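# What follows is a predicted protein model with its sequence.
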Amino acid sequence: AGLQVGLPARGKTFLCNKLLRYLNWLGHNTKHFNVGQYRRKQKNEEEVQDATFFDHNNESGMEARNKAAVAAMEDMLRWLETSEAQVAIFDATNSTAQRRQWLREHLHGKYEYLFIETVCNEPETLERNYLNKMLYSPDYTGVHTTQGLSDFKDRIGKYEQVYETIDDRSFHYIKMIDMVTGRGYLDINRISGYIPGKLVFFLMQVQKAGLG
């Protein structure tokens, strides 16, 4: 399983779709589990999922987000148990050590897994990604761009308050840091095996084209 890590608008879902096509092209049956889609499906009519929903102090928001993560994990594990499953990609921010430990506990000893963290601090790339979010995210359908951008940046701020980059060297991970600038680098830790090796090779190539 590939477990995404990173703040919003860092290209995680774009990368997931690239990996999905690549691995399926290689002949490895791969499926993408996007926690944001589960969150939107579970949303009731009265619920507002603006930036305040993503505040770690918002108990109802945290409950709803955890519920979406659990539903995605259950579906992923159920699929991995089938005979045709080979690779699953769990697409979410997974931005705290606590959440990553939760993921690890569900997979450790059962399936091989690695984390893929996307870090981007380049302002022009981020602004472009923010605008793409306004155009393509269901969260901002029908919302004026100015209003949407303001809310989305507030949402990112909520995540930044609790975000912890991967620094536990006992984890298997690939960390991509500012790769789109051409001056970035990969931090590869405890990665071995055929498919993980293919992922490293592919990530080195796709980053040349950028994740924006």
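Arrived safely. Residues are numbered from 1 along each chain as shown.
# Averaging pLDDT per element, find the lowest-scoring helix or strand in this structure.
For the chain, counting by mean pLDDT, DSSP states H and E, helix 194-209 ranks last in confidence among helices and strands (a mean of 84).
# Longest helix of the chain, counting residues only.
Longest helix in the chain, counting residues (DSSP state H): helix 59-80.
# contact partners of it?
With contact meaning Cβ atoms under 8 Å, 6 or more residues apart in numbering, helix 59-80 is reached by 1, 31, 33-36, 38-39, 42-43, 47, 49, 52-56, 85, 88, 90, 92, 99, 103, 106, 111. No exception for glycine: its C-beta is placed from N, CA and C like everyone else's.
# which ones are touching residue 150?
Here residue 150 is in contact with no residues (criterion: Cβ under 8 Å, 6+ apart).
# Heading C-terminal from the longest helix of the chain, find the next helix or strand.
strand 87-91 (DSSP states H and E).
# strands paired with that next one, and their directions?
According to DSSP bridges, strand 87-91 forms sheet pairs with strand 2-5 (parallel), strand 30-34 (parallel).
# what are the ranges of the strands in the chain?
Applying DSSP state E to the chain gives strands spanning 2-5, 30-34, 87-91, 114-119, 173-177, 185-189.
# Could you look over those strands and pick the most buried one?
strand 2-5 (a mean of 25; mean count of other Cβ atoms under 10 Å).
# What are the buried residues along stretch 7-27?
Along stretch 7-27, these residues count as buried under the neighbour rule (16 or more other Cβ atoms under 10 Å): 7-16, 18-20, 22-23.
# do stretch 71-79 as well
71, 72, 73, 76, 77.
# One more: stretch 158-172?
Across stretch 158-172, burial judged by 16+ other Cβ under 10 Å covers 158, 159, 162, 166, 171, 172.
# Angles on the backbone of the residue of the chain most remote from its centre, please.
Relative to the centre of the chain, and counting by Cα atoms, centre = their mean, the farthest-placed residue is residue 46 at 26.7 Å. The phi and psi values for residue 46, taken as degrees, to the nearest 10, are phi -80, psi -20.
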